[in-house]
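**Student:** Curious how this folds, go ahead:
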Amino acid sequence: MTAEANAPHTEHGPDELCPAGALLYRRALGEGRVTVTDATATPCLVDFGLLQPSLDDPDRLDPVAPVVGLHRLLRMSQERIADERRREERLTETFTALMRTASQSATGEASTLRVLSGKERIDRTIGDVMAVATDQVLTIQPHSTHVGPHPRVHEAALARDQALLDRGGRIRTLYQHTLRHAPTVLARYELLRGDVEARTLDEVTERLIVVDRTVAFIPASADRSLALEVRHPALIAYFVNTFDRLWHLATPMHPRAVHQPTLNGITPRQRAIAALLIEGHTDSDIADRLGMNVRTARVHIAKLAATLGSESRAQLGYLIGQSGILDREG
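**Tutor:** Numbering: from 1, shown residues only. Presented below is the predicted three-dimensional model:
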């Protein structure tokens, strides 16, 4: 038995490559093959498509190219994010009627669901909850949240965040990738001191704030003039679980930013756009889902077309499918 086969293996998702799997995959790339027996102790390599059966030897496994393997794992992560979003939508549909009933009968702070009307009242209520928080705040902030002036305009929010950090609490925030280099967001983190981290994803859910795992706030109207204060334990647990899953899939932004790699001349932003293009989304839909304006989306589409050598929208969709950038092998 090889050292890799004897190494203990813990089941894990496609977001990481375990040490034993990485060692065997590296060996497979160097030698061009490994045996089925060699891979018994690291089933993740076969499950994730990094090793595949040889066509001419049933006892042999051949490694796929690292660039293909990376595309495949990225695609699997994107599918997991989409699954989480669909689960959230189904839950929202299921509880719509219940929330309406609860909001009509809610009485005071003891209710598990309460509708807050007006942005001033919403901010005041969040501030009151933050003032007594001692553990952590989990936040999902879509792109529209920080579009505007310098963060000094939001001094009250910064002050309450810093107060929580000073009490030994921690803050975790998820943004869209479009905000990785936004001056407003970067300046905000330069002003905060304490246990605060931020990560980004191509697409995030609507705004969510969870305080101390006991109360959450979500929008109840498109213009955010209405919000829902949630204190139901089951819903809080669902929000926290959803946040944790998205957080695990996200790319670190602060305090240590991780660079997103450009593969075969295609940037991560362009790969996200390519995935939406082949689903038939319009430029406006793509811009909205990825947190950018339509002009910026079209610039990225034009660059993507130039890189792939496309001369038309229809041809671009075909070339995306043939290129393998979305883990589609020809």
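
**Student:** Point out where this structure drops to low pLDDT.
**Tutor:** 1-8, 97, 99-111, 143-154, 181, 183, 257-264, 291, 327-330 (pLDDT under 70).

**Student:** buried stuff in the helix ranked longest in it?
**Tutor:** The longest helix of the chain (DSSP state H) is helix 66-105. Using 16 or more other C-beta atoms under 10 Å as the test for burial, helix 66-105 gives 69, 71-75, 77-78, 80-81, 84, 88, 95, 99, 102-103. Bear in mind the C-beta positions are built from the backbone N, C-alpha and C, glycine included.

**Student:** I'd like to know which elements it is packed against.
**Tutor:** strand 113-117, helix 233-249 (3 or more C-beta pairs under 8 Å, 6 or more residues apart in numbering; DSSP states H and E).

**Student:** element containing the closest residue to residue 78 other than its chain neighbours, please.
**Tutor:** Nearest in space to residue 78, with sequence neighbours left out and distances taken as C-beta to C-beta, 6 or more residues apart in numbering, is residue 275 at 6.7 Å. Assigned by DSSP states H and E, residue 275 falls within helix 268-277.

**Student:** Tell me which other helices or strands that helix touches.
**Tutor:** With contacts defined as 3+ C-beta pairs under 8 Å, 6+ apart, the packing partners of helix 268-277 are helix 283-290, helix 294-308, helix 313-323.

**Student:** follow-up on the earlier one: any idea of the angle the longest helix of the chain forms with strand 113-117?
**Tutor:** Here the directions of helix 66-105 and strand 113-117 differ by 90 degrees (axes from the mean of the first three to the mean of the last three C-alpha atoms, to 10 degrees).

**Student:** just the angle between helix 66-105 and helix 233-249, please?
**Tutor:** Using the same axes, to 10 degrees: helix 66-105 against helix 233-249 is 160 degrees.

**Student:** which residues are in contact with stretch 278-295?
**Tutor:** Contacts of stretch 278-295 with the rest of the structure, by C-beta atoms under 8 Å, 6 or more residues apart in numbering, involve 142-144, 176-179, 202-203, 269, 272-273, 276-277, 296-298, 300-301, 317, 320-321, 326.

**Student:** cutoff 6 Å now
**Tutor:** Stretch 278-295 is contacted from outside by 143, 176, 178, 203, 272, 273, 276, 297, 298, 317, 320, using C-beta atoms under 6 Å, 6 or more residues apart in numbering.

**Student:** which of those tops the neighbour count?
**Tutor:** residue 273 (26 neighbours; other C-beta atoms under 10 Å).

**Student:** dump the residue contacts of the residue positioned nearest the centre of the chain.
**Tutor:** The centre of the chain sits closest to residue 201, judged by C-alpha atoms, centre = their mean, with a distance of 3.7 Å. By C-beta under 6 Å, 6+ apart, the contact list for residue 201 reads residue 250.

**Student:** still on that earlier bit, now the angle between helix 268-277 and the longest helix of the chain, please.
**Tutor:** Using the same axes, to 10 degrees: helix 66-105 against helix 268-277 is 70 degrees.

**Student:** and the angle from helix 66-105 to helix 313-323?
**Tutor:** Using the same axes, to 10 degrees, helix 66-105 lies at 120 degrees relative to helix 313-323.
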